[in-house]
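In: Next come a sequence and a model predicted from it.
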Amino acid sequence: MTILGNDPRNQPPGSAPDPDSDSGTDAGVDDAVDGSGDGKREQLAAITRRGDGERLTTNQGLGIVDDQNTLKVGDRGPALLEDFLLREKITHFDHERIPERVVHARGAAAHGYFQVYADQSALTKAAFLQDPAVRTPVFVRFSTVAGSRGSSDLARDVRGFAVKFYTTEGNYDLVGNNMPVFFIQDAIKFPDLVHAVKPEPHNEIPQAASAHDTFWDFISLMPEAMHMVLWVMSDRGIPRSLRMMEGFGVHSFRFVTADGTSSFVKFHWKPLLGVHSLIWPEALQVSGHDPDFHRRDLWEAIDGGAFPEWELGVQVVPEADEHRFAFDLLDATKLIPEELVPVQRIGKMTLNRNVDNYFAETEQVAFHAGHVVPGIDFSDDPLLAGRLFSYTDTQLLRLGGPNFHQIPINRPLASAHNHQRDGLHRQTIDAGRVAYSPNTLGGGCPMQVPSAAGGFSTHAATVTGDKRRRRGPKFFDHYSQAAMFLNSLADWEQAHLVAALQFELGKVVTAAVVERMLGQLQQVQPALAQRVSIGLGIPVPASIELPLNRSVPEDADPAAFASVPVDSSLLPSPALSMARRQPGGIATRCIAILAANGVDAGSVHAMQDALLAAGARSKIVAPHGGALHCADGSSMRIDHSLLTTRSVMFDAVFVAGGADSVAELARHSGARHFVHEAYWHFKTIAAVAEGCSLVDAADVGETLPDGSGADPGMLLLREGAVAPMIDGFIGAIGRHRHWERERAALRRG
Ligand code: HDD
């Protein structure tokens, strides 16, 4: 392992490294880059401390005899200032916290690896996208945006999806979200957006929620935000699991090949478990019951060996086609419909290891949209430009100085050598007297790397124009893609979006803000504004003065901005609907098995085995904790009592047979409520033999709420053994939810 010294790979071809060179290096770990995907694990393992079997010491290694009592005069004090053990311990404790991220403060992360399916040299020279045999280590952090570190996972919000690839050419960070567009077009508006959505500054209310006046005041004045707002109000804002979210790089980036050919690229992550969400009433309850729901779900899945996987997708647009679309590729509030430019799936990411220490890894990881590798470059997206400044700046504050790249989780696997020196918390001993370039005393090292030898050189794009504060003309079409998104959703998805807007705007106190928002929604689609207004009890205003866009420059010809451009060529894009992104399996789903003393153990075991074989998990939920006495005299361990869990923690419910068991459950209001609630969250419910009477007692039925037909999510086998219903149960869970039940309930009114 090389910690200090020159790395020959940084020398131009033919130049011999000088072993006595004075140049410093930055914690490079050469032999960790071995393509097995384990390099980062080994690098971190080398500095991981475990207390097992160790003696207790001070930070200086001094053995501590008594860690229970402060040094005092006599038995009752006073305590002595001389007590350096007390002082060291308390001082360290007092300094344990660092500033939380200004956005994306709450997160969960895991390690894994990425493997490309086939050589992508026709698209990019990026080394990690060439060899299918190579596993590139990754560290992925998911996050909510608005809430503080201690807030709930279940907030309606965008989710961050940030991936750090530890490539042989240095770290590459793909810092994206679970939505393909953004609220604003220009980074200069980012502080305003964040100030508007964060808790209001005078009273710091509300936490992790956009349902308040300042957010909607801002949004109602920002027509460019309409597309993204609809994404956040859709069920994408409340994922079922971090493992079941798509990810998007949002901006157009560039791919660059070895011969210098550049194309525009949009990045996608496609989860192999499909894209699934909660519904809002459920999210509210989960939030109270287990605010760590998403973190726990990710942790337990990885811990249990059900490693989440995503395919990396790319939409590639040749440079010659840059202006082919009605929207501008540089506008981060627009997506490229997959029907126009298909997503090519080029590789797969697997997360297979939880962190050892939340603070050291998840909290201290520093992502940066500007960490690229040769073969990946930036477009002129004005939102991206601001990001490129912001990320280093924020880490300087958050991680306490310019050496945050030397924090273990941030260290590249590729060796790093340069003339940067000193600063707070420097971790390397940069030996020698040469810390400048050019030099002869250090043999000229470290030397610049020609692009042919793997160095990064910016793609030579031609730019012309006047210097001014403007946006491209296509940026002003704010509503076409918002309408396209809405029209692409299934009816139940649209209904949820309408309800979300009703909830959020229903929390807004200032009437003028609500009216202005209705005016904005009217621009997207009059029917949308109408539907939202019904729930609010506020009519859509006949006319309302809408700011077309505050960004119209003062020196512009007003006539040029008088009308809003509209893209009438856009058709609904089925790829945008979650309804079409559901593969149907039940892998990693969690099913509650309701049981009490006297349960028919046979039906429970048969169901448990079948669910396990299909990759799902099941938990026994009973009126009390401990163990159950089964009808056949055996006993069964209980996973949760009805006191400690709710139906919202599960994807489906099975009620086992056994006369005594079901009689006890039917008397238990918690058990009846469990089934009732699962039904109204449109989940699959199955019961066998006597178990069916609990479903009857829960006041839910086998026909759809309006009587229009059989409910495909209700499987009641009133007689016989459980075996014949198992396939049907698994198939029904694979549909995630039974939206026809919701539709029928809406029809019934
Ligand atoms: Fe950002 C964090 C994603 C625009 C400034 N951003 C942050 C994280 C994600 C994103 C996932 C959390 C990373 C982590 O887990 O540590 N940000 C995005 C996306 C954007 C975007 C997808 C638009 C396409 N961001 C954006 C702009 C700015 C920032 C326009 C500023 C001009 N973002 C930051 C930041 C953060 C951050 C303040 C907070 C903590 C951090 O960087 O490390 O610098």
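Out: Here it is on my side, so go on. The structure presented is a predicted model; accordingly, all values stated were derived computationally and were not measured.
In: Residues of the chain that sit close to the ligand?
Out: 101-104, 107, 141, 143, 160, 162, 175-177, 182, 187, 190, 250-251, 332, 365, 367, 383, 386-387, 390-391, 394-395 (Cβ under 6 Å from any ligand atom). All C-beta atoms are positioned from the backbone trio N, CA, C, and that covers glycine.
In: can we see that at 5 Å?
Out: 101-104, 141, 143, 160, 162, 175-177, 182, 187, 190, 250, 367, 386-387, 390-391, 394 (Cβ under 5 Å from any ligand atom).
In: Show me just the buried residues among those residues.
Out: Using 16 or more other Cβ atoms under 10 Å as the burial test, the residues of the chain next to the ligand include 101, 103-104, 141, 143, 160, 162, 175-177, 182, 187, 190, 250, 367, 386-387, 390-391, 394 as buried.
In: Mean confidence (pLDDT) on the helix or strand that contains residue 300, please.
Out: Residue 300 belongs to helix 293-303 when assigned by DSSP states H and E. The pLDDT scores in helix 293-303 average 97.
In: Show me the contact partners of the helix or strand following it.
Out: Later in the chain than helix 293-303, the nearest helix or strand by DSSP H and E is strand 309-318. Here strand 309-318 makes contact (Cβ atoms under 8 Å, 6 or more residues apart in numbering) with 114, 116, 123, 247, 252, 255, 263-273, 324, 329, 336, 338, 341-351.
In: now stretch 252-267
Out: So stretch 252-267 is contacted by 121-126, 174, 176, 180, 247-251, 312-319, 322, 329-330, 335-336, 341, 372, 374-379, 381, 459-461 (Cβ under 8 Å, 6+ apart).
In: 7 Å instead, please
Out: 121-125, 174, 176, 248-249, 312, 314-319, 322, 329-330, 336, 375-379, 381, 459 (Cβ atoms under 7 Å, 6 or more residues apart in numbering).
In: out of those, which are buried?
Out: Among those, those classed as buried by 16+ other Cβ under 10 Å are 123-125, 174, 176, 248-249, 312, 314-317, 329-330, 336, 375-379, 381, 459.
In: Could you tell me the angle between the helix or strand where residue 268 lies and strand 309-318?
Out: Following DSSP H and E, one finds residue 268 within strand 262-271. Between strand 262-271 and strand 309-318, the angle comes out at 160 degrees (axes from the mean of the first three to the mean of the last three Cα atoms, to 10 degrees).
In: Strand 262-271 - which strands sit beside it in the sheet, and in what orientation?
Out: Strand 262-271 has the following strand partners under DSSP bridges: strand 247-248 (antiparallel), strand 253-256 (antiparallel), strand 309-318 (antiparallel).
In: how about it as CSV, C-alpha atoms only?
Out: The C-alpha trace of strand 262-271 is given here as CSV (Å, rounded to 0.1, in the frame of the first residue of the first chain):
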residue,chain,number,x,y,z
SER,A,262,-19.1,14.7,-27.5
SER,A,263,-22.8,13.9,-27.0
PHE,A,264,-25.3,15.0,-24.4
VAL,A,265,-26.3,12.5,-21.8
LYS,A,266,-29.0,12.2,-19.2
PHE,A,267,-28.5,9.6,-16.5
HIS,A,268,-31.2,7.3,-15.0
TRP,A,269,-31.2,4.7,-12.3
LYS,A,270,-33.9,2.0,-12.8
PRO,A,271,-34.6,-0.1,-9.7
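In: any idea how far that strand is from the chain center?
Out: Computed by Cα atoms, centre = their mean, to the nearest Å, the chain-centroid distance of strand 262-271 equals 17 Å.
In: Now do the residue of the stretch 51-200 of the chain found nearest the ligand, the pLDDT please.
Out: Closest to the ligand within the stretch 51-200 of the chain is residue 160: 2.7 Å, counting by Cβ to the nearest ligand atom. In the prediction, the pLDDT value recorded for residue 160 is 98.
In: And for it, nearest residue in space, chain neighbours not counted?
Out: Distance criterion Cβ to Cβ, 6 or more residues apart in numbering; nearest residue to residue 160, sequence neighbours excluded, is residue 143 at 3.7 Å.
In: Surely that neighbour touches residue 107?
Out: Yes. Taking contacts as Cβ atoms under 7 Å, residue 143 lies within contact range of residue 107: 3.8 Å.
In: Please report how far residue 427 lies from residue 402.
Out: 12 Å (Cβ to Cβ, to the nearest Å).
In: sorry, back to before: name the residues contacting each of residue 143 and residue 107.
Out: Joint contacts of residue 143 and residue 107 (Cβ under 7 Å, 6+ apart) are residue 160.
In: ok, residue 481 touching residue 334?
Out: Yes. With contact defined as Cβ under 7 Å, residue 481 reaches residue 334; the gap is 5.4 Å.
In: Residues in contact with both of these two, list them for me.
Out: Common neighbours of residue 481 and residue 334 (Cβ under 7 Å, 6+ apart) are residue 327.
In: can you give me the helices for the stretch 601-749 of the chain?
Out: 601-613, 659-667, 669-680, 692-697, 726-733, 739-748 (DSSP state H, counting those that start in this stretch).
In: could you dump those to a markdown table with mean neighbour count and mean pLDDT?
Out: Formatted as a markdown table, the helices of the stretch 601-749 of the chain follow (neighbours: other Cβ atoms under 10 Å; pLDDT from 0 to 100):
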| stretch | mean neighbour count | mean pLDDT |
| --- | --- | --- |
| helix 601-613 | 19 | 96 |
| helix 659-667 | 21 | 97 |
| helix 669-680 | 20 | 97 |
| helix 692-697 | 21 | 96 |
| helix 726-733 | 20 | 96 |
| helix 739-748 | 17 | 93 |
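In: what about the residue lying closest to residue 169 once chain neighbours are set aside, neighbour count?
Out: Closest residue to residue 169 apart from its sequence neighbours, by Cβ to Cβ, 6+ apart: residue 373 at 4.4 Å. Close neighbours of residue 373, defined as other Cβ atoms under 10 Å, add up to 23.
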